[in-house]
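Asks: My questions concern the predicted model and sequence given below.
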Amino acid sequence: MVATATKTTAFIYIRVSTPSQEVDEQVRIIRQYAADNNIEIVGQYGDYQKRHKSHQRHSFQSMLNDIEAHKPNLILVQRLDRFGTADSNELGYFLTILKRGGVRLITAIDGKDRSKGDLETVIVNTVGASQSRQEQIDKAERVLFGKRRRAVLGEYVGSKYLVYGFDVVCIGKDGKEKWRMVEDAWNLRIKYVLNDQGEYVEAERYGNEIVKDANGIMPEKEIRHRPSKDTSDRLFYSPSIRHERVDTLLRICEMFDAGWKSYGIAQQLNEESIKPVYSDRWYSAFIDGLLENTVLMGKPAWNRTSQSNFRHLEAGGRIVETNEDAKGVYRQNDKEKWFQPNQEVFEPFIDPELFGRLQTKLDERRASTPKRSPRSEKLWLGGLWWDEESQQNLAGNSQGKHFKVKLPGHEHKHLTFKEAEWFIGEYLKRIGHRLDTFGEAVESNKLLERLATDEWMKELHFDYIVLEIESFLESRLMEGVNHVGGVEVILDYDIDPVTGRNAVITTDGNYLELYCQMVREDMEQNQAAIQAKLDERKRLTLDLLAMKNKDQFIIDTYNEQISQLSREIEAATAAPDFMAWWQQVQSELDLLRQQQATVKKAVEKGSYVQKADAIRNLIDRIVCHWESVPTTDGRYKNGVKTVCRAVTIESKASAKDADGKQIEMMTIETPSA
């Protein structure tokens, strides 16, 4: 009996960087190679994604996962760069995974087996992967140079959405407008041209198209069709010919300047059924984005944010290499790294002084906004854990109930939620004997929450703070016996021949708590008056907006009344004399908040948001130290698993030893280490 030869089977993998690129040539070459060599294709995979983003290529990851079930002999790609790796190290990592599964990587263009371990193949692979990386770097630099040049000239550099209230105009080489594009929805763009009378008339409409791959390999792609331009044409932002949008944008700026909050503006626009272009509703984040955009001043800015993997722009226009820990990370860039024209591209949309006031208000609000805690209760310890070797942050997985290193070559490093909580608990237990105790934290007081995000003070100023609080109490208390929040406070005076009349305050209460209680009582007493002012300001604003044929005198009168009410409201809701010394108070309040008993209570009984806030007041980051240990667990095929044996906790808190020396780090080992 003659044995039947087993047919060679293969997966094929197709990759292009963007949906605009064609894949037919890759498919044709691979299928021809398979037919010529009697190879059966048992799986087809394809991605639209950059070569260095293997973790974001879902079909690529599915292919690796399917190897165990389908056991192919080969993976066929057109060329090595179509397989897609960041560098030679990542290529070696994936080749090792394939070898363990008994799979070889073949490039169909030349028929070479890229999985061989001989010197020639290793060198060719290394050179090819290095060339691929250099190509990515060269391309990144070319793109940055081009975008920087266009941004400095004030040109439209490109974006997913147009700024609300603005269109894109196409200017020909003669300096005249050729056409204007207005976006009326995510899937609707309209091209307008000027007629002989100087009026805009609709020329063509463009929508979105869902394109399916005829080969049945690639995912569906959405193409957003837009008007085409010649190579000599230039694109610019311009205030929209949809005048109602321009009016709404101007109104948003004026309302925010008059004291409206972003949320209130969004709510008001939604109540009036005014729709933004790309959504059914307005949101406060959308309002903020409009208010801070320099396109309002006729000077659109580029490079306000970045997410580079190879090169990025620094202040002055220098193109530099992106650090490893910043690659692929979304970053808000400082203003000196923005690129914009020196002169206005079009007349400023709003007055420069108004724009300056808007930025001041936004900056003040950001400075007083607490850091957001994790949204998932299961991930309340997320963001703290770091891998010692790779210096990568561990990512949380709420379904798997663990943190892991999402980096090729380190993905075997897992830390369960239970293990993470044990390390935190051990840290709290130990540091509890070392923290100086300054009293109970007033966790619920809104006044204290304003201080949660500011940097740590290096020095403590107890005497200065006590004097400032005594001065405030003296200005508010009556001579003799006073009661503040149920606490007795006695104000008396000593007469000194040199300094004169000096206040003497006697109380068993805590100074900080007394101060906060008095401010809170002031606010409660003024609440009705404040609400009346808020209502009156809103009425005046709505009356002004509803008026028709209003002259400048009426506008100025209403604006002055609205501004006066805004100043009165701000004065009534601000803590008296608080801003003069709040930075010094910050240190003391942080210590109060960090008292070990309070933190422990929050961890045991508080919500996950309270837990996260309490822990982050103590800990800056936790570095994990790993160890490989033998195991009989069948899930580990090589008989070895990686466990976290110890952590080094870098503390934010003023933890001190018996001599009063600050403890900056603490290493904790597991009992079995």
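Replies: Structure received.

Asks: From here on, just use CA atoms for contacts and neighbour counts.
Replies: OK.

Asks: quick one, phi/psi of R226?
Replies: phi -140, psi 160 (degrees, to the nearest 10).

Asks: Kindly apply the preceding question to N293 instead.
Replies: phi -80, psi 120.

Asks: residues in contact with it?
Replies: N293 is in contact with 300-301, counting by CA atoms under 8 Å, 6 or more residues apart in numbering.

Asks: What are the boundaries of the strands in the stretch 151-300 of the chain?
Replies: For the stretch 151-300 of the chain, the strands defined by DSSP state E, counting those that start in this stretch cover 166-171, 177-185, 188-194, 200-206, 208-211, 221-224, 234-239.

Asks: my read: N342 touches A151, true?
Replies: No: the pair N342 / A151 is not scored as a contact, 10.3 Å apart, by CA atoms under 8 Å.

Asks: chain center to the strand or helix carrying S62: distance?
Replies: Taking DSSP states H and E as the definition, S62 sits inside helix 58-70. Relative to its chain's centre, helix 58-70 lies at 31 Å (CA atoms, centre = their mean, to the nearest Å).

Asks: Contacts for it, please.
Replies: Here helix 58-70 has contacts from 11, 13, 42, 45-47, 54-55, 101, using CA under 8 Å, 6+ apart.

Asks: Neighbour count: N342 and A151, which is higher?
Replies: The neighbour comparison of N342 against A151 (other CA atoms under 10 Å) goes to A151, with 22 against 10.

Asks: tell me the contacts of the more buried one?
Replies: Contacts for A151 (CA under 8 Å, 6+ apart) come out as 157, 300-302, 339-341.

Asks: wait, what's in contact with G207?
Replies: 187-189, 224-226.

Asks: Kindly report the same for S628.
Replies: 640-643.

Asks: Centre of the chain to the helix or strand just after the helix holding S62, how far?
Replies: Per DSSP H and E, the first helix or strand lying C-terminal to helix 58-70 is strand 74-77. When distances are taken as CA atoms, centre = their mean, strand 74-77 is centred 38 Å away from the chain's centroid.

Asks: Direction included, what does strand 74-77 pair against?
Replies: The strands beside strand 74-77 in its sheet (DSSP bridges) come out as strand 8-16 (parallel), strand 104-107 (parallel).

Asks: Measure how whatever helix or strand comes next after the first one sits relative to strand 8-16, angle-wise.
Replies: Next in sequence after strand 8-16, counting helices and strands by DSSP H and E, comes helix 24-36. Helix 24-36 and strand 8-16 are oriented at 170 degrees to each other (axes from the mean of the first three to the mean of the last three CA atoms, to 10 degrees).

Asks: can you pull the buried residues of the helix or strand following helix 24-36?
Replies: For helix 24-36, the succeeding helix or strand toward the C-terminus, using DSSP H and E, is strand 39-48. Under the neighbour-count criterion of 16 or more other CA atoms under 10 Å, strand 39-48 has 39-41, 43-48 buried.

Asks: Centre of the chain to strand 39-48, how far?
Replies: The answer for strand 39-48 is 36 Å, by CA atoms, centre = their mean.

Asks: got the buried residues of strand 39-48 as a markdown table, with distance to H70 and pLDDT columns?
Replies: Shown next, in a markdown table, are the buried residues of strand 39-48 (distance: CA to CA, whole Å; pLDDT from 0 to 100):
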| residue | distance to H70 | pLDDT |
| --- | --- | --- |
| I39 | 15 | 94 |
| E40 | 12 | 94 |
| I41 | 11 | 94 |
| G43 | 9 | 93 |
| Q44 | 12 | 93 |
| Y45 | 14 | 93 |
| G46 | 17 | 90 |
| D47 | 20 | 88 |
| Y48 | 24 | 85 |
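
Asks: E389 is nearest to which of the strands of the stretch 151-300 of the chain?
Replies: strand 221-224 (38.8 Å; CA to CA).

Asks: Check which helices and strands that closest one sits against.
Replies: Helices and strands touching strand 221-224, by 3 or more CA pairs under 8 Å, 6 or more residues apart in numbering; DSSP states H and E, are strand 208-211.

Asks: so what strands line up beside the strand it packs on?
Replies: According to DSSP bridges, strand 208-211 forms sheet pairs with strand 221-224 (antiparallel).

Asks: Could you check the chain and say which of its helices or strands has the lowest average pLDDT?
Replies: Here the helix or strand of the chain ranked lowest by mean pLDDT, DSSP states H and E is helix 446-449, holding a mean of 31.

Asks: Residue ranges in the stretch 451-600 of the chain under the pLDDT threshold?
Replies: For the stretch 451-600 of the chain, the stretches flagged by pLDDT under 70 are 451-472, 493-503, 509-530, 547-554, 569-600.

Asks: what's the neighbour count on G128?
Replies: Residues near G128, counting by other CA under 10 Å: 17.

Asks: That one reaches R79, doesn't it?
Replies: No: judged on CA under 8 Å, G128 makes no contact with R79 at a distance of 9.9 Å.

Asks: Would you reformat the contacts of helix 58-70 as JSON lines and include distance to V481?
Replies: Output for those, formatted as JSON lines (distance: CA to CA, whole Å):
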{"residue": "F11", "distance to V481": "87"}
{"residue": "Y13", "distance to V481": "84"}
{"residue": "V42", "distance to V481": "89"}
{"residue": "Y45", "distance to V481": "81"}
{"residue": "G46", "distance to V481": "80"}
{"residue": "D47", "distance to V481": "77"}
{"residue": "S54", "distance to V481": "72"}
{"residue": "H55", "distance to V481": "69"}
{"residue": "G101", "distance to V481": "83"}
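
Asks: tell me which of those is nearest to V246?
Replies: Relative to V246, and with distances defined as CA to CA, the nearest of the contacts of helix 58-70 is D47, at 40.5 Å.

Asks: From the contacts of helix 58-70, pick the one nearest R28.
Replies: Y13 (12.2 Å).

Asks: residue contacts, the closest residue to that closest one other than its chain neighbours?
Replies: Leaving aside its sequence neighbours, Y13 sits nearest to Y45 (CA to CA, 6 or more residues apart in numbering; 4.9 Å). When contacts are counted by CA under 8 Å, 6+ apart, Y45 touches 11-14, 59-60, 63, 217-218.

Asks: List just the nearest of those residues to L534.
Replies: S59 (55.3 Å).

Asks: will you turn the contacts of A151 into a markdown table that also has neighbour count?
Replies: Listed next are the contacts of A151 as a markdown table, based on neighbours: other CA atoms under 10 Å:
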| residue | neighbour count |
| --- | --- |
| V157 | 18 |
| P300 | 25 |
| A301 | 21 |
| W302 | 23 |
| F339 | 25 |
| Q340 | 24 |
| P341 | 18 |
